[in-house]
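Chemist: please find the sequence and the predicted model below.
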Amino acid sequence: MYLTGECIHLLLHKIFEYFESQIMGPRAKTTMRLMSKEMPSQSLVANHKASIFCAVCGDTALGKHYGVNACNGCKGFFRRSIWKNRTYACRYQGKCGVAKEQRNACRACRLTTCLRVGMNPRAVQGDTSDSASTSSSPNMVSYDSKIYTKEAECQTELSTISSHPTSPTNLPFASSASASASPCSSISTVHSHCVATTLPPNPSLPKYDHLLMTLTRIFERCDENSPEPQPNTYCFEYAFYNPHCICNRTKLTPTGQRVATLPEVLQDFRRIFVLFTDVLSILPEFSRLDASDRMVLAKSRFSFFYWWLTCCWTAKAGCPGVCYANGSYHPIDKQLQAFPDVKGVTELSVETVSKPLANIHITDAEILIGSVFAIFYEFPLPPRMSYASSHMLSEARDHYTQCMITVSPYAHSEVKSASRLAEISLIFSSITNLKYLTSDNIELSDVLHVMEVDQLFSDAFDVHRPID
């Protein structure tokens with residue numbers, strides 16, 4: 001039996017409608033609606049699915065579940081844990097590794113990892129697959145939920161000890177009753193993960209205040225009285241170590257006052273690329289990587305860095321499109337676009353990233369620290385990264401996670417700052433979609449000769465091709 005193209009399109013449309021009504025939250029509905037306007041080709045989808053991994057255990061992931069790339073095993077584990085309000089205990093102070101081979105060894109650390117990588121407990125509300133076995137669904141929106149109870153599924157043998165001395169007893173979900181009922185050295189719950197699982201920062205990493213001042217100087221840096229470099233084609237590695245050959249460091253003016261021309265679109269890319277090299281150059285963990293791992297990390301993170309900044313600037317400027325660093329913006333209106341956006345990335349970025357950032361009133365400090373956090377946010381790390389580098393970058397990720405909490409406007413409240421970080425992490429997950437669609441736009445523009453795509457431009461945004 002063969003299906004016509006029209007039947008396939010109708011079937012896909014019905015599937016999108018079902019997921020919108022049954023599973024997805026409001027923001028995910030908007031994402032699915034916008035992305036359904038331009039479906040990627042089957043080959044691109046197949047390549048993408050073959051290259052994504054579970055953010056929790058590293059197994060092959062078939063797609064996003066509850067906000068992050070996850071395998072079916074971790075998706076089901078997270079759903080059951082949230083629906084049944086389970087509390088797990090770790091016998092080793094929450095230090096167990098969570099990998100594909102032993103992901104069932106410690107449920108406490110597995111749930112902690114699910115939450116740390118950005119799985120959203122609220123998204124489980126719309127999942128009705130387990131509703132038949134549960135008489136009433138838990139209220140994951142209010143912090144005034146019932147006290148968590150110890151489940152028989154907990155795999156560790158517990159002995160009665162006093163409550164943990166570092167338990168956040170001032171939080172609504174912690175009380176003397178719950179503490180005594182959970183005699184363990186490390187507790188993994190839905191709301192306490194952000195304050196309970198952050199590893200001690202590496203003493204060689206900069207403190208957040210020093211980092212904030214350094215980033216401020218980098219973002220304000222300008223090259224005065226310097227001749228503009230001549231246009232040329234460079235590979236990614238050469239351009240990265242010789243940013244003066246790409247463009248001058250002009251003043252960043254993300255005001256979004258005029259519609260961008262094609263030269264301004266390209267100039268903005270070059271300016272943010274130079275800014276990207278400047279930011280990475282101050283990070284001690286990046287300098288400690290070997291040369292090959294540096295390029296693997298840089299190539300895989302530029303697109304994320306680019307979209308984080310442009311979406312933050314759009315949220316601040318409020319322009320009807322993607323705000324650039326040179327005072328212009330790329331409009332949503334296709335008739336005004338100098339660079340053809342056949343995949344609808346501009347509208348998608350505004351609806352799923354910029355507007356949510358504007359709604360939470362993202363601060364300047366969070367934008368600066370977030371530019372570094374964006375570099376280390378995605379997990380697992382790219383392939384071909386050495387074990388030593390992976391461990392180092394994992395520690396850096398925890399450190400900059402703590403920096404994001406520290407610069408939060410709600411830093412005085414552990415619950416509010418952790419909740420805000422979870423909100424930002426959920427927004428970050430939307431940027432992943434933009435990366436792949438941006439690559440499609442660039443490839444199509446190159447094929448149609450809309451603009452000349454040089455090697456640097458292609459290397460910086462081409463995420464479909466394996467990283468060299």
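Modeler: Yep, that arrived.

Chemist: domain assignment for the protein?
Modeler: Following automatic domain parsing, one finds the domains of the chain at 1-36, 52-196, 208-461.

Chemist: between the ones you listed, which gets the lowest average pLDDT?
Modeler: Mean pLDDT per stretch puts domain 1-36 lowest among the domains of the chain, at a mean of 48.

Chemist: surely residue 212 meets residue 369?
Modeler: Yes: applying CB atoms under 8 Å, one finds residue 212 in contact with residue 369, separated by 6.5 Å. The C-beta positions use only the backbone N, C-alpha and C, and glycine is treated the same way.

Chemist: which neighbours do the two share?
Modeler: By the contact definition CB atoms under 8 Å, 6 or more residues apart in numbering, residue 212 and residue 369 are jointly contacted by residue 407.

Chemist: more neighbours: which of those two?
Modeler: Taking neighbours as other CB atoms under 10 Å, residue 212 and residue 369 compare with residue 369 leading, 22 against 17.

Chemist: tell me the contacts of the more buried one?
Modeler: Counting by CB under 8 Å, 6+ apart, residue 369 touches 208, 211-212, 215, 400, 403-404, 407.

Chemist: surely residue 217 is in a helix?
Modeler: Yes: judged by DSSP: H, G, I helix; E, B strand; the rest coil, residue 217 forms part of a helix.

Chemist: from residue 387, how far off is it?
Modeler: 34 Å (CB to CB, to the nearest Å).

Chemist: can you check residue 244 too?
Modeler: Going from residue 244 to residue 387 by CB to CB gives 35 Å.

Chemist: more crowded one of these two?
Modeler: Remark: of residue 244 and residue 387, residue 244 carries more neighbours, 11 against 7, as counted by other CB under 10 Å.

Chemist: that older thread, dump the contacts of residue 369 to a markdown table, plus distance to residue 335 and secondary structure.
Modeler: As requested, these are exported to a markdown table (distance: CB to CB, whole Å; DSSP: H, G, I helix; E, B strand; the rest coil):
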| residue | distance to residue 335 | secondary structure |
| --- | --- | --- |
| 208 | 45 | helix |
| 211 | 43 | helix |
| 212 | 41 | helix |
| 215 | 38 | helix |
| 400 | 41 | helix |
| 403 | 42 | helix |
| 404 | 39 | helix |
| 407 | 40 | coil |
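
Chemist: distance to residue 73 for those - can I get that in CSV?
Modeler: Shown next, in CSV, are the contacts of residue 369 (distance: CB to CB, whole Å):
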residue, distance to residue 73
208, 36
211, 37
212, 39
215, 39
400, 28
403, 32
404, 29
407, 35
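
Chemist: determine which two of those residues are furthest apart.
Modeler: Using CB to CB, the contacts of residue 369 span at most 12.9 Å, a distance reached by 215 and 404.

Chemist: between those two, which is the more surrounded one?
Modeler: Counted by other CB under 10 Å, residue 215 and residue 404 do not tie: residue 404 has more neighbours, with 23 against 20.

Chemist: surely that one touches residue 424?
Modeler: Yes: between residue 404 and residue 424 there is a contact under CB under 8 Å: 6.9 Å.

Chemist: what residues are shared contacts of those two?
Modeler: Residues within reach of residue 404 and of residue 424 at once, by CB under 8 Å, 6+ apart, are 366, 370.

Chemist: kindly provide the distance from residue 214 to residue 231.
Modeler: Noted for residue 214: a distance of 31 Å to residue 231, by CB to CB.

Chemist: so those two - more neighbours on which side?
Modeler: Between residue 214 and residue 231, residue 214 has the larger neighbour count (other CB under 10 Å), namely 15 against 10.

Chemist: find the helix or strand that residue 255 is a member of.
Modeler: strand 253-259 (DSSP states H and E).

Chemist: repeat that for residue 240.
Modeler: If you go by DSSP H and E, residue 240 is part of helix 236-241.

Chemist: also residue 328?
Modeler: Here residue 328 sits within strand 326-331, counting by DSSP H and E.

Chemist: what is the helix or strand following that strand packed up against?
Modeler: Remark: after strand 326-331, the chain's next helix or strand is helix 345-349, criterion DSSP H and E. Packing partners of helix 345-349 (3 or more CB pairs under 8 Å, 6 or more residues apart in numbering; DSSP states H and E): helix 26-35, helix 291-317, strand 321-323, helix 414-447.

Chemist: give me that answer again for 6 Å
Modeler: In terms of contacts (3 or more CB pairs under 6 Å, 6 or more residues apart in numbering; DSSP states H and E), helix 345-349 is packed against strand 321-323, helix 414-447.

Chemist: can you lay out these as TSV showing distance to residue 292 and mean neighbour count?
Modeler: Shown next, in TSV, are the helices and strands packed on helix 345-349 (distance: least, CB to CB, whole Å; neighbours: other CB atoms under 10 Å):
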stretch	distance to residue 292	mean neighbour count
strand 321-323	33	28
helix 414-447	22	19
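
Chemist: rebuild the ones you listed as JSON lines, extending it with distance to residue 356.
Modeler: Listed next are these as JSON lines, based on distance: least, CB to CB, whole Å:
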{"stretch": "strand 321-323", "distance to residue 356": "15"}
{"stretch": "helix 414-447", "distance to residue 356": "5"}
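
Chemist: quick check, residue 286 in contact with residue 279.
Modeler: No: counting by CB atoms under 6 Å, residue 286 stays clear of residue 279, with 9.2 Å between them.

Chemist: and the angle from the strand holding residue 255 to strand 326-331?
Modeler: Strand 253-259 runs at 50 degrees relative to strand 326-331, counting by axes from the mean of the first three to the mean of the last three CA atoms, to 10 degrees.

Chemist: direction included, what does strand 253-259 pair against?
Modeler: Sheet pairing of strand 253-259 (DSSP bridges) gives strand 326-331 (parallel).

Chemist: contacts for the partner strand next, please.
Modeler: Residues outside strand 326-331 that contact it (CB atoms under 6 Å, 6 or more residues apart in numbering): 253, 255-260, 264, 267-268, 319-323, 346.

Chemist: alright, calling it a day.
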